[in-house]
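In: Just to be clear, the model below is a prediction. Sequence and coordinates:
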Amino acid sequence: MATGRNIRTNIGFYPPQEDGGAWRSSLPSLEQALRQGFPGAVIDHRTSAVHGRQALDFEIALAPDMWIDGTSSMEEPDYAFITLTDVTAGEAAVFATWLRDSFAPAPDLVRFVSSLAMANGEERPWVLPATGGGEEVLAEIRRHLDTFDTF
């Protein structure tokens, strides 16, 4: 079974495609939320060499000795993304649940896609469950990864 392999991949989180500004957020508001939600967060600001936009890089502890890192850009009112780098489904689920419950203005405004899916030609983000706890979010992320795990 694919989830037994503990797949590591990049996972991107987005507002709904039809409303890229649905999170009504900015890099300063994300930084503040990350510092509140994850004490000890390491945050750095830079200009992306890829698209020239301001970006926020972060490293946060999900649990003692369990750190993940990511990057985000929210420079324009209708553009936002957060990408986690080299995470397991379990790590992504912890962050995704926090994102849905503590940062997004409504629980139905979070979409996600993995680099595993994109490598298999799928670029449409999946809808993160708007209800339920971390286990439901984990189950959906695992289902997503299982769909595109071709090994």
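Out: Here it is on my side, so go on. Numbering: from 1, shown residues only.
In: ranges for the strands of this structure?
Out: For the chain, the strands defined by DSSP state E cover 9-14, 42-47, 54-63, 66-73, 81-87, 111-114, 126-127.
In: With distance to Asn120 added, can I get these in a markdown table?
Out: Heads up, the C-betas are built off the backbone N, CA and C, glycines and all. Listed next are the strands of the chain as a markdown table, based on distance: least, Cβ to Cβ, whole Å:
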| stretch | distance to Asn120 |
| --- | --- |
| strand 9-14 | 11 |
| strand 42-47 | 30 |
| strand 54-63 | 26 |
| strand 66-73 | 22 |
| strand 81-87 | 18 |
| strand 111-114 | 9 |
| strand 126-127 | 13 |
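In: Going by contacts, tell me the helices and strands next to the longest helix along the chain.
Out: Using DSSP state H to define each element, the chain has its longest helix at helix 134-148. Helix 134-148 makes packing contacts with helix 89-98, strand 111-114, helix 115-119 when contacts are defined by 3 or more Cβ pairs under 8 Å, 6 or more residues apart in numbering; DSSP states H and E.
In: Please repeat the previous calculation with a cut-off of 6 Å.
Out: For helix 134-148, the packing partners by 3 or more Cβ pairs under 6 Å, 6 or more residues apart in numbering; DSSP states H and E come out as helix 89-98.
In: hang on, the earlier thing: turn the strands of the chain into TSV, columns for mean neighbour count and mean pLDDT.
Out: Below are these laid out as TSV (neighbours: other Cβ atoms under 10 Å; pLDDT from 0 to 100):
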stretch	mean neighbour count	mean pLDDT
strand 9-14	22	96
strand 42-47	12	96
strand 54-63	17	96
strand 66-73	18	96
strand 81-87	20	96
strand 111-114	22	96
strand 126-127	14	95
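In: The ones you listed: which one's closest to Glu136?
Out: Checking these against Glu136 by Cβ to Cβ gives strand 126-127 as the closest, at 12.2 Å.
In: List the pairing partners of that closest one within its sheet, with orientation.
Out: Paired strands of strand 126-127, with direction, are strand 111-114 (antiparallel) (DSSP bridges).
In: Can you name the residues in contact with the partner strand?
Out: 9, 11-14, 125-128 (Cβ atoms under 6 Å, 6 or more residues apart in numbering).
In: List just the nearest of these to Ala119.
Out: Closest approach to Ala119 among the contacts of strand 111-114 (Cβ to Cβ): Thr9, at 8.8 Å.
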